[in-house]
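Visitor: model the structure of this input:
(chains A, B, C and D)
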There are 2 protein chains.
Amino acid sequence: MASDEAEPVSGSRYLDLLKGRRPTINDVARFANVSKKTVSRVINKSPAVKEETRKEILSIMNEIGYAPDPQARGLAFRRSFLIGMIYDNPNPQYVVNMQQGLLAGMRETGFELVVHPCDRSSPTFLADIRDFVERQKLFGVVLTPSVSEDERVPPVLDASGCAYIRIASVALDLPERMIISHDHIGAAFAGRHLAELGHHKIGFIAGRPTFRSSHERRRGLEEGLAEFGLKLDEKYVAQGAYTFESGVECGMKLLSAEDRPTAIFAANDEMATGVLQAARMTGLRVPDDVSVVGFDNFQIAERVWPRLTTIHTPTAEIGRLAVTKLLQGRAGQVSDADVGDKGLPSLVIRDSATPPKA
Amino acid sequence: MASDEAEPVSGSRYLDLLKGRRPTINDVARFANVSKKTVSRVINKSPAVKEETRKEILSIMNEIGYAPDPQARGLAFRRSFLIGMIYDNPNPQYVVNMQQGLLAGMRETGFELVVHPCDRSSPTFLADIRDFVERQKLFGVVLTPSVSEDERVPPVLDASGCAYIRIASVALDLPERMIISHDHIGAAFAGRHLAELGHHKIGFIAGRPTFRSSHERRRGLEEGLAEFGLKLDEKYVAQGAYTFESGVECGMKLLSAEDRPTAIFAANDEMATGVLQAARMTGLRVPDDVSVVGFDNFQIAERVWPRLTTIHTPTAEIGRLAVTKLLQGRAGQVSDADVGDKGLPSLVIRDSATPPKA
DNA sequence: CTGAAAGCGCTTACAG
DNA sequence: CTGAAAGCGCTTACAG
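Guide: The predicted structure is shown next:
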């Protein structure tokens, strides 16, 4: 697709023939002395065009600043050049990072990003998605957690002929339809780090149980601890909901118990921030009295005091990979997108976790 | 526009004639025994249709679940049903709140939101915008600060026949092309509040000077103080850049000076959070030794310690008004959108500002 | 390797 | 108040 449309060359021999109109495929065909079907072949990178003809047409397109009309193309193709992002994650930082990654992945492709927040608990949830993708004849959608984990969604998309990629912490679908964020690998870093610092009494605050990531992060923590012969004790586990408020609440519960943990791994930064708050309310100092580790490495982790040690997840990179995979197989697209090293979580050490004081 | 497309009625006499295809305008015309032009008139809410005919057509549309194809309509109209959000504001919370407001404003309108972050300092900034709106034949765009303040942008949009609304803290354009957030009104609350608490030595940390809001917020502060016979002293003013880091830096500068202010109004929450940090670094307690007031009332204001007293700006509501105004005059749209009470800033009192200790 | 015809699902003149 | 024709800017069969 000719998405790198240049400025029309001023003083072009063709430009005045256009009289200020945007050039169409007909103009290109006329100037190149070919049929518009041949121009169409060049647009769609068909190999069945003589190299010489192709170059001539490309040169004219460039000279007059031609770019195919996505609406007309979409109408003929019965599919638009729009990609939807369907999400229900309430964290602004996640949403923005993801959007940024998706946009990075579709740069120079001629596709545009249409955002579609939704509410999984709404009675019209599925109908809304169907209407959205069918009405716009979306080329494809990217699903982020927790919509991505809803098994009712893929059949609806398939029925509408809409391609999709699911972003999730664990494999839920065919490899070509998944980008896996491998949260357990990140959480294992947290477990190892706390064990290495010398903690034995380690608490965990889970996220909303309807999010797979919550379970993956717990699993990762347990894996990390196991490497040091440690086990997660159920009495140090609290059920949160990924919100700041739930972090405060669970933090209060764990920290005001008779036998309290010397370190807490919260399943995200929001809840870890809540633990910081709970520590203040119970008169405990972080990290001196209790260490805290979060997950996400969103901006808040650097804004709070003490700054949070946390697990970085490359949200934008994962988004970029998702779009790349979605567009895979289309002309000009690289064909093998998967989470390489850049797509994996990593440990970010700041000030909220230190060895336990005696 | 029939955007409230219902489920097709199962068991409809027409549904099997469709054989699973999505219904088109031709199907509706055939079933209603009228020309497709008449159906088109109903879609476009033309008054020149006999009421009886109109009802019959509407009923059939509803029965078979017809919704006009925006791509086909767009091709014929030479304009899409897409609305762009063009922004360069790096704050995720602002971006997400704004998107949410825009989406709220376009619900049930059949329009979709296409997001387009950009970089004002890029050499291709204007060309990118032109390509974006022309290629997609956008119906219109909403510009947020600071893109909205760039006078080079509107001519480009006008030349492309793309409607626009500029969101800014002050009038920069015709009323029908502006939504004003009235930041100075909010900042005046901050000034009054600090004066009422008894502060005399009040500091101000400005935002990036290329943002009008920074000047408006200063102006508002000065207005508020003036009501109490107070003047902003230049030695208590620091030039920030709306970032956390600049807040730390300016906070350090103001707080470590010989004669330091007893209260600081930072032009946004990010910088106010930085001041909290600076206070810790200089061994001062907030609010006991220094009061801090922010601006925005983003989530961070409730996450930090002490929780920030700040100015709430109804970003989503402003976005909703912007879209409403953009769509104004189109069939079925309310015709008078402007910032009413709900669109104005307000003071949110939390824990970071108290009377000065002797 | 290239093209003429028909069609995607709508709307705009133009008639009546 | 209603309709037949042409067109929006592309692509899909089908030929050659």
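
Visitor: doesn't A:Glu196 make contact with A:Gly224?
Guide: No - using C-beta atoms under 8 Å, A:Gly224 and A:Glu196 do not qualify as a contacting pair, with a distance of 9.5 Å. Where C-beta positions appear, they are placed from N, C-alpha and C, glycine not excepted.

Visitor: of those two, give the one with the bigger neighbour count.
Guide: A:Gly224 (26 against 12; other C-beta atoms under 10 Å in any protein chain shown).

Visitor: doesn't the more buried one lie inside a helix?
Guide: Yes - with DSSP: H, G, I helix; E, B strand; the rest coil as the criterion, A:Gly224 is located in a helix.

Visitor: tell me which element the nearest residue to it once chain neighbours are set aside falls in.
Guide: Using C-beta to C-beta, 6 or more residues apart in numbering or on different chains and skipping residues adjacent in sequence, the residue nearest A:Gly224 is A:Gly191, 2.3 Å away. In the assignment (DSSP states H and E), A:Gly191 maps to helix A:183-197.

Visitor: tell me if the helix or strand that that helix is followed by is near chain B.
Guide: Using DSSP H and E, the helix or strand that follows helix A:183-197 in sequence is strand A:202-206. No - shown here: strand A:202-206 not in contact with chain B (C-beta under 8 Å from any C-beta of the partner chain), separated by at least 15.8 Å.

Visitor: for A:Val115, which three-state class applies?
Guide: Per three-state DSSP, A:Val115 ends up strand.

Visitor: is stretch A:283-290 positioned near chain B?
Guide: No - on the criterion C-beta under 8 Å from any C-beta, stretch A:283-290 is out of touch with chain B, staying 11.0 Å away.

Visitor: quick one: end-to-end distance for that stretch.
Guide: 11 Å (C-alpha to C-alpha, to the nearest Å).

Visitor: so what touches that stretch?
Guide: A:255, A:260-264, A:275-276, A:279, A:292, A:306, A:351-354, A:357 (C-beta atoms under 8 Å, 6 or more residues apart in numbering or on different chains).

Visitor: filter the residues you listed to the buried ones?
Guide: Buried residues within these, defined by neighbour count using 16 or more other C-beta atoms under 10 Å in any protein chain shown: A:255, A:260-264, A:275-276, A:279, A:292, A:306, A:352-354.

Visitor: now do the contacts for A:Gly220.
Guide: Applying C-beta under 8 Å, 6+ apart, the residues near A:Gly220 are A:183-191.

Visitor: can you give me the strands for chain A?
Guide: Using DSSP state E, the strands of chain A run over A:82-87, A:112-117, A:140-143, A:163-168, A:178-180, A:202-206, A:237-239, A:263-266, A:291-293, A:310-312, A:346-348.

Visitor: in TSV: the ones you listed, plus mean pLDDT and distance to B:Val147.
Guide: Below are the strands of chain A laid out as TSV (pLDDT from 0 to 100; distance: least, C-beta to C-beta, whole Å):
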stretch	mean pLDDT	distance to B:Val147
strand A:82-87	97	21
strand A:112-117	96	17
strand A:140-143	97	25
strand A:163-168	96	29
strand A:178-180	95	31
strand A:202-206	98	40
strand A:237-239	98	44
strand A:263-266	98	37
strand A:291-293	98	38
strand A:310-312	98	30
strand A:346-348	98	32
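
Visitor: most packed of those?
Guide: strand A:263-266 (a mean of 32; mean count of other C-beta atoms under 10 Å in any protein chain shown).

Visitor: packing partners for that strand?
Guide: The helices and strands touching strand A:263-266, judged by 3 or more C-beta pairs under 8 Å, 6 or more residues apart in numbering or on different chains; DSSP states H and E, are helix A:183-197, strand A:202-206, helix A:244-255, helix A:269-281, strand A:291-293.

Visitor: just put the ones you listed in JSON lines and tack on distance to B:Ile86.
Guide: Formatted as JSON lines, the helices and strands packed on strand A:263-266 follow (distance: least, C-beta to C-beta, whole Å):
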{"stretch": "helix A:183-197", "distance to B:Ile86": "34"}
{"stretch": "strand A:202-206", "distance to B:Ile86": "39"}
{"stretch": "helix A:244-255", "distance to B:Ile86": "31"}
{"stretch": "helix A:269-281", "distance to B:Ile86": "30"}
{"stretch": "strand A:291-293", "distance to B:Ile86": "39"}
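
Visitor: DNA strand D is nearest to which of these?
Guide: helix A:183-197 (39.6 Å; C-beta to the nearest atom of the strand).

Visitor: and the contacts of the closest one?
Guide: By C-beta under 8 Å, 6+ apart, the residues outside helix A:183-197 that reach it are A:169-170, A:202, A:213, A:216-228, A:230, A:263, A:265, A:267, A:291, A:293, A:295, A:309, A:311-313, A:344-347, A:349, A:353-356.

Visitor: redo that, cut-off 6 Å
Guide: Contact with helix A:183-197 is made by A:169, A:202, A:213, A:216-217, A:219-221, A:223-225, A:228, A:230, A:263, A:265, A:293, A:311, A:345, A:347, A:355, as judged by C-beta atoms under 6 Å, 6 or more residues apart in numbering or on different chains.

Visitor: can I get the strands of chain A in a markdown table including distance to DNA strand C?
Guide: Below are those laid out as a markdown table (distance: least, C-beta to the nearest atom of the strand, whole Å):
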| stretch | distance to DNA strand C |
| --- | --- |
| strand A:82-87 | 16 |
| strand A:112-117 | 19 |
| strand A:140-143 | 19 |
| strand A:163-168 | 19 |
| strand A:178-180 | 32 |
| strand A:202-206 | 48 |
| strand A:237-239 | 49 |
| strand A:263-266 | 50 |
| strand A:291-293 | 54 |
| strand A:310-312 | 46 |
| strand A:346-348 | 48 |
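
Visitor: what does chain A have sitting close to DNA strand C?
Guide: With C-beta under 7 Å from any atom of the strand as the criterion, chain A meets DNA strand C at residues A:33-35, A:37-38, A:41, A:47-51, A:53-54, A:72, A:75-76, A:78.

Visitor: now restrict those to buried residues only.
Guide: Counted by 16+ other C-beta under 10 Å, the residues of chain A next to DNA strand C give A:34, A:38, A:41, A:49, A:53-54, A:75 as buried.

Visitor: one step back: tell me the angle the helix holding A:Gly191 makes with strand A:163-168.
Guide: Relative orientation of helix A:183-197 versus strand A:163-168 (axes from the mean of the first three to the mean of the last three C-alpha atoms, to 10 degrees): 20 degrees.

Visitor: OK, contacts around whichever residue of the stretch 101-250 of chain A sits closest to DNA strand C?
Guide: Among the residues of the stretch 101-250 of chain A, A:Lys137 lies closest to DNA strand C, at 9.1 Å counting by C-beta to the nearest atom of the strand. For A:Lys137, the contacting residues are A:79-80, by C-beta under 6 Å, 6+ apart.

Visitor: I'd like to know how far it sits from A:Met98.
Guide: 23 Å (C-beta to C-beta, to the nearest Å).
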